[in-house]
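>>> Sharing a sequence plus its predicted fold:
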Amino acid sequence: SSESSVFTPKKITVVGAGNVGATAAFLAAQKELADIVLIDVVEGVPQGKALDMYESSPIQRFDSSVIGTNDYADTADSDLVIITAGIARKPGMSRNDLLSINAGIVAEVTRNIVAHSPNCILLVVTNPLDAMVYTALKVSGFPKHRVIGMAGVLDAARMRAFIADELQVSINNVHAFVLGGHGDTMVPLPRYSTVAGIPITELLPDERVQAICERTADGGAEIVRLLKTGSAFYAPGASVVQMAEAIIRDNKRILPCCAYLEGEYGVDGYYLGVPCKLGAGGLEAIVELDLTEDEQRDLSRSLEAVAELVKAVDALRLY
Ligand code: TXD
């Protein structure tokens, strides 16, 4: 019968048709990961960008559909939902202003998504990341393995790029490892960052290793200083699509993700960046490793920064 031969493509919704959302949608479509729905509050923009992307398909040769909408009904039964909706910090705004506005947006978006796709996996990108994923977890009521944040893949990609550049080797030989929250307090781990399996601590003098770690932690700000009116989106878009690919194709890839910890790394009840296995089930496992005393101290400091943000989000009583 024809029933078993009907192929139903996967469906990815991207919420927020801004810089990161549009870039992610475009890359996901080109990889034919799924049919893509781009949704935003602004009328016309998701429709226009989606149509523009779709019109590139004869040249880029992808068969995925890309549609833009302002109506959550069109997002129904998504397998994966990438949340990039939010505002960026403008002059005169405090970090807390950004936090409360974006927490409100993420809460509203999550409610709408859950109503139409109760079984989806949520992949959150909006900043301040660690607190926004937490908001999505609380509002959705989803199990933790279906609510994941993107930051570590981006931070590690930046570190990999800097290592490859420093040593003039192919990016394909370079792995990097970054733990912790997405911000100034992230924890790059040089002894687990390798070139063809060799730790960079054996290939570079201490001060070069230190410089690479510092540039990694400052990576987002470096781009903001250059762009002046916005933040990074090509590498963030590529990073979230790598996570999406691992989930949609059930790759079981180990990637640094923002995961809800319940005892792992000595952390309980917070989201923090740690190495995870991603597959069809979402976050299928957390990889634990022994940290040195210095690394553990840096991770605790990172957790303190995240805990502050979570306290501020809890106080908003959105869930
Ligand atoms: O590593 C990471 N996690 C990050 C995070 C890397 C890069 C960017 N990061 C954060 O992602 C950034 O600080 C922002 O909070 C988000 C999105 O960044 P982007 O650069 O894409 O911002 P834009 O271009 O301003 O796009 C935001 C879009 C814009 O089109 C708004 O109209 C839309 O979000 N928006 C909404 N869409 C749907 N629903 C609601 N309520 C809504 N509010 C705004």
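Structure's in. What do you need? Since the model is a prediction, treat every value here as computed from it, not as a measurement.
>>> So, low pLDDT: which residues of this structure?
Along the chain, the model assigns pLDDT under 70 to residues 1-5.
>>> can you tell me the residue of it closest to the ligand?
Proximity of the chain to the ligand (Cβ to the nearest ligand atom) peaks at G18, 1.8 Å away. Using the backbone N, CA and C atoms, a C-beta is placed for each residue, glycine as well.
>>> which ones are touching the closest residue to that residue other than its chain neighbours?
Closest residue to G18 apart from its sequence neighbours, by Cβ to Cβ, 6 or more residues apart in numbering: T84 at 6.4 Å. Listed by Cβ atoms under 8 Å, 6 or more residues apart in numbering, the contact partners of T84 are V14, V15, G16, G18, V20, G21, A24, V125, T126, V240.
>>> Just name the closest of the residues you listed to A115, please.
Checking the contacts of T84 against A115 by Cβ to Cβ gives V15 as the nearest, at 13.2 Å.
>>> Where does D294 sit, in terms of helix or strand?
helix 293-315 (DSSP states H and E).
>>> Then I82?
strand 80-83.
>>> which residues touch that strand?
With Cβ under 8 Å, 6+ apart, strand 80-83 has contacts from 10-16, 21, 24, 34, 75, 106, 109-110, 113, 117, 120-126, 132, 136, 240, 244, 247-248.
>>> One more: stretch 277-294?
For stretch 277-294, the external contacting residues (Cβ under 8 Å, 6+ apart) are 121, 144-146, 148, 192, 243, 246-248, 250-255, 257, 259, 261, 264-265, 274-276, 299.
>>> Near the ligand, which residues of the stretch 51-200 of the chain? Just list them.
Contact residues, the stretch 51-200 of the chain versus the ligand (Cβ under 6 Å from any ligand atom): 84-86, 88, 102, 105, 108-109, 125-127, 129, 150-151, 154, 182.
>>> ok, V209 touching P190?
Yes - the pair V209 and P190 passes the contact test of Cβ atoms under 8 Å, sitting 4.9 Å apart.
>>> shared neighbours of these two, anything?
Common neighbours of V209 and P190 (Cβ under 8 Å, 6+ apart) are I200, T201.
>>> what about N172, how many neighbours?
9 (other Cβ atoms under 10 Å).
>>> what's the answer for K90, then?
The tally of other residues near K90 (other Cβ under 10 Å) stands at 9.
>>> Is it located within a helix, as I assumed?
No - judged by DSSP: H, G, I helix; E, B strand; the rest coil, K90 forms no part of a helix; its state is coil.
>>> that older thread, could you tell me which of the contacts of strand 80-83 belong to strands?
Among the contacts of strand 80-83, the members falling in strands (DSSP state E) are K11, I12, T13, V14, V15, I121, L122, L123, V124.
>>> Run through the bridge partners of the second one.
With DSSP bridges applied, I12 shows beta-bridge pairing to I36, L80.
>>> before we move on, what about the last one?
With DSSP bridges applied, the residues forming beta bridges to V124 are I83, G149.
>>> Just the helices from the stretch 151-300 of the chain, written as ranges.
152-167, 206-217, 219-227, 234-248, 293-315 (DSSP state H, counting those that start in this stretch).
>>> between the ones you listed, which gets nearest to D63?
Per Cβ to Cβ, nearest to D63 of the helices of the stretch 151-300 of the chain: helix 234-248, 15.0 Å.
>>> That closest one near the ligand at all?
Yes - Helix 234-248 reaches the ligand (Cβ under 6 Å from any ligand atom) through P236.
>>> helices or strands up against that helix?
helix 19-30, strand 80-83, strand 121-124, helix 152-167, strand 253-262, strand 268-279 (3 or more Cβ pairs under 8 Å, 6 or more residues apart in numbering; DSSP states H and E).
>>> export these to CSV and tack on mean neighbour count?
Converted to CSV, the helices and strands packed on helix 234-248 look like this (neighbours: other Cβ atoms under 10 Å):
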stretch, mean neighbour count
helix 19-30, 24
strand 80-83, 28
strand 121-124, 28
helix 152-167, 22
strand 253-262, 21
strand 268-279, 22
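>>> right, and these - which one's nearest G92?
Short answer: helix 19-30, nearest of these by Cβ to Cβ, at 21.6 Å.
>>> before we move on, the earlier item: now distance to T229 too, for the helices and strands packed on helix 234-248, in TSV please.
Converted to TSV, the helices and strands packed on helix 234-248 look like this (distance: least, Cβ to Cβ, whole Å):
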stretch	distance to T229
helix 19-30	11
strand 80-83	22
strand 121-124	24
helix 152-167	20
strand 253-262	26
strand 268-279	27
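>>> Hmm, I212 and M159 touching each other?
Yes - here M159 reaches I212: they are 6.5 Å apart, a contact under Cβ under 8 Å.
>>> Which positions in stretch 205-225 come out as buried?
If you call a residue buried by 16 or more other Cβ atoms under 10 Å, then stretch 205-225 has these buried ones: V209, I212, C213, R215, T216, A217, G219, G220, I223.
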